[in-house]
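In: Turn this into a structure:
(one chain, ligands or ions: 2)
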Amino acid sequence: MTADPSLAPSAARRDSHNSLRRALVERLRDGRTDLAETVMEIDAHAYVDPDRHAREREAFRKLPIMACLSLDVAEPGDKLLFDALGPEIVILRDGEGQVRAFLNMCPHRAARLVTECDSRKRMTCRFHGWTFDLKGKLIGLPGAEGFAGMEREARGLVELPVAEWAGMVFVRADPEGGLIDVAEWLGPFAAELEHLELGRARPMRRSRLETRTNWKCAWDTYCESYHFATLHATTVAPRLVSNVMALTPFDRHARMGFPRKDWYALADAPETEWPDENFGGNYFIFPNINLNVSSGPNGEMFYGFYHLYPGETSGSTVTRMATYRPGHADGPQPDEDWQVLHGFIEDVVRTEDYSVSEEAYRNLSDAPEGFSAVFGANEILVQKWHRDWADQLEELGLGEA
Ligand code: FES
Ligand SMILES: [Fe+2]
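Out: Ligands and ions are numbered 1, 2, ... in the order given. Predicted coordinates for the structure are as follows:
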């Protein structure tokens, strides 16, 4: 136990992490994994149909989507550009410390307003120089005499619903989509995320991948460990056990554990002696985010976020990856350790997971009529997610005709 009380895990975090480790240690001991009732088939059309894809893109504009963490826009004036939902969005912190989101569109003639993420307190359009404050208000209008009669108040930036909760920033790309109630959206999962203290997590490295596959082909790879021993034989499999999973659903969100190989030893030790920093759990924020809470090869705890989005066609996926150093991982290790880890995971995802996802998408596009993929009972979270996503589309009025 560390001497600095602010670095000690909260009781809630330790309880939660131990419950997941306990469940996984039991499964290791018994040689079993969580199973769905039966296999599940999914028609190739769900991945390749352009109409289905358009409806999914529409759903992403309507739902509250987590865009970043609080410290990504830590100070007044800090900005983040977020274009993965279709329209480009500027997320910023205003002078009063409130997070706001705007369409990155100048209300004069629609030019792209913010082109780099600086910390300036005003935003000036490079086309004709209209200037806006951090609340989106038009405060500078060169050649104002030419706009006599124009209602200035109505020419502010288009503001989008945004909410900051427990260190996370959620945004909705539809200006008319209504306020976001994060606690309601997360439901019982809120407490499970709250103890991670994401508001203290410092950004270490960010990247973006564009991949030629359907976003669900890519997403499915995050939801099971059945493939670790084969696809990740030399990268992930030396550290993590293949095909042993413990799933805890929280409505449409979920927590899933993949045991580490050194956890066989935990079975012989009392829980009070389990080291805090030896953890591995995945938190799935519906519909598109996997948060990997794990310890890296040097024992450093990291938060790895993998955000997936449907790209412009059914065969394109955008992935935003971001690695954070948790507030409690405040030892002497250099930030570089987290940056190196980010690069390692990105390489594995790109060269292994996404490489098979691209090949599978090509095959699904050319598959014989009536072909279905099949998810085993062991691919329990993949099954759950596809059911939940189909239900979500129905609820939004975007289901199958
Ligand atoms: S389009 Fe921005 S000032 Fe003209
Ligand atoms: Fe994988």
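
In: Identify the spatial nearest neighbour of the residue of the stretch 101-250 of the chain found nearest ligand 2, chain neighbours not counted.
Out: Closest contact between the stretch 101-250 of the chain and ligand 2, by CB to the ion, is at Thr221 (4.7 Å). C-beta: built from backbone N, CA, C; applies to glycine. Of all residues not flanking Thr221 in the chain, Asp353 sits nearest, at 4.1 Å (CB to CB, 6 or more residues apart in numbering).

In: Could you do Tyr303 as well?
Out: Per CB to CB, 6+ apart, closest to Tyr303 is Tyr324, 4.3 Å.

In: Relative to the one helix or strand the one you found maps to, what are the paired strands and their orientations?
Out: In the assignment (DSSP states H and E), Tyr324 maps to strand 317-325. Next to strand 317-325 in the sheet, as set by DSSP bridges, lie strand 202-211 (antiparallel), strand 301-310 (antiparallel).

In: hang on, the earlier thing: relative to Trp185, how far out is the residue of the stretch 101-250 of the chain closest to ligand 2?
Out: 25 Å (CB to CB, to the nearest Å).

In: same check, this time on Gly97
Out: Gly97 is 23 Å from Trp185, by CB to CB.

In: ok, back up a step: and the strands paired with strand 317-325, which is most packed in?
Out: Ranked by mean neighbour count under mean count of other CB atoms under 10 Å, the strands paired with strand 317-325 are led by strand 301-310, which reaches a mean of 23.

In: doesn't Asp262 fall inside a strand?
Out: No: read with DSSP: H, G, I helix; E, B strand; the rest coil, Asp262 is helix and lies in no strand.

In: Do I have it right that it meets Gly280?
Out: No: the criterion here is CB atoms under 8 Å, and Asp262 misses it with Gly280 at 10.1 Å.

In: Which one's more surrounded, these two?
Out: With neighbours defined as other CB atoms under 10 Å, Asp262 and Gly280 compare such that Gly280 has more, 19 against 10.

In: circling back: which of Gly97 and Trp185 has more neighbours?
Out: Set Gly97 next to Trp185 and count neighbours by other CB under 10 Å: Trp185 wins out with 21 against 10.

In: check which helix or strand covers the more buried one.
Out: helix 182-186.

In: Okay, buried residues for that helix please.
Out: If you call a residue buried by 16 or more other CB atoms under 10 Å, then helix 182-186 has these buried ones: 182, 185-186.

In: of the residues you listed, closest to Gly199?
Out: The nearest member of the buried residues of helix 182-186 to Gly199, counting by CB to CB, is Val182 at 12.7 Å.

In: ok, so what distance separates the closest one from ligand 1?
Out: 33 Å (CB to the nearest ligand atom, to the nearest Å).

In: which residues does the nearest residue to that residue once chain neighbours are set aside contact?
Out: Nearest residue to Val182 in three dimensions, chain neighbours excluded: Trp165, at 3.7 Å (CB to CB, 6+ apart). Shown in contact with Trp165 (CB atoms under 8 Å, 6 or more residues apart in numbering): 182-183, 190.
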